[in-house]
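Participant: prediction below, plus the sequence it came from.
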Amino acid sequence: MTQLVNLAPVGRSGQPARGWTVDGHDDDPDAPIDCGDTSRADPSPAAVSGDIYYCSPSAAGADACWPTPQARRMLCLRDPYSATLAALTAQSLVARVSPPRNPVPLGLDLANGDRCRLRDGGAWGSPQNHPDYVGYYSCGPRDIVWAPQNSPTGGIDRTSRRWTVLVGDVTGPLATVPVTTADFVATAP
């Protein structure tokens, strides 16, 4: 059975939860991230709690961000396998958001030992044997989780209690691999 985990690195007050650290070295107030504004904002695709934001550009890796008490300051979980949050400046204050109806995990641990991170932009090819597939997760240096475009589950087969994904690189065959753990994001109490 796939274990579902809710990572909760930030509390309702906008402060890091116990065990989480903050790194602000990548912050550039002259190039703020775009998390929406007070009239429109988008939830993180991995959120199971409200007021967790998707911010762009994709190069910022800011697809799971929480607001802080400091205006326009966001704490973003870039790596679901690290206990470090990136402190980044947003362009503006943001509207409240509800979690998506069908969230997809930020991270996947696979039975073959791979750790996969949800895709956040970038130009990826398609596997040679499935030119209509797109990549949903990056797994290590070469492997990718593939599925048909517009998969509502992020490329994850959730039809049984043990989820599976199709994994491979762009040149080789794809293999069905069980998902041992799926990491979503939540707000700590």
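Facilitator: Sure thing, it's come through.
Participant: strands of the protein, residue ranges please.
Facilitator: Here the chain has its strands, by DSSP state E, at 3-11, 21-23, 65-67, 73-76, 84-89, 107-110, 115-118, 133-139, 143-148, 164-168, 175-188.
Participant: any chance of JSON lines for those strands, columns mean pLDDT and distance to residue 45?
Facilitator: Using the backbone N, CA and C atoms, a C-beta is placed for each residue, glycine as well. Compiled in JSON lines, those are given as follows (pLDDT from 0 to 100; distance: least, CB to CB, whole Å):
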{"stretch": "strand 3-11", "mean pLDDT": "98", "distance to residue 45": "14"}
{"stretch": "strand 21-23", "mean pLDDT": "97", "distance to residue 45": "23"}
{"stretch": "strand 65-67", "mean pLDDT": "98", "distance to residue 45": "12"}
{"stretch": "strand 73-76", "mean pLDDT": "97", "distance to residue 45": "14"}
{"stretch": "strand 84-89", "mean pLDDT": "97", "distance to residue 45": "18"}
{"stretch": "strand 107-110", "mean pLDDT": "98", "distance to residue 45": "12"}
{"stretch": "strand 115-118", "mean pLDDT": "96", "distance to residue 45": "7"}
{"stretch": "strand 133-139", "mean pLDDT": "95", "distance to residue 45": "10"}
{"stretch": "strand 143-148", "mean pLDDT": "95", "distance to residue 45": "14"}
{"stretch": "strand 164-168", "mean pLDDT": "96", "distance to residue 45": "16"}
{"stretch": "strand 175-188", "mean pLDDT": "97", "distance to residue 45": "10"}
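Participant: just name the most buried of those strands.
Facilitator: strand 65-67 (a mean of 26; mean count of other CB atoms under 10 Å).
Participant: mind checking the strands of the chain for the one nearest to residue 44?
Facilitator: Residue 44 lies closest to strand 175-188 among the strands of the chain, at 6.0 Å (CB to CB).
Participant: helices and strands around that closest one, which ones?
Facilitator: Contact partners of strand 175-188 among helices and strands, from 3 or more CB pairs under 8 Å, 6 or more residues apart in numbering; DSSP states H and E: strand 3-11, strand 107-110, strand 164-168.
Participant: next, the angle from that strand to strand 3-11.
Facilitator: 30 degrees (axes from the mean of the first three to the mean of the last three CA atoms, to 10 degrees).
Participant: wait, which of the helices and strands packed on strand 175-188 is closest to residue 90?
Facilitator: Nearest of the helices and strands packed on strand 175-188 to residue 90, taken as CB to CB: strand 3-11 at 14.3 Å.
Participant: other residues contacting that closest one?
Facilitator: Residues outside strand 3-11 that contact it (CB atoms under 8 Å, 6 or more residues apart in numbering): 16-17, 20, 48-49, 66, 68, 75, 77, 80, 83, 85, 106, 180-189.
Participant: what is the neighbour count of residue 17?
Facilitator: 15 (other CB atoms under 10 Å).
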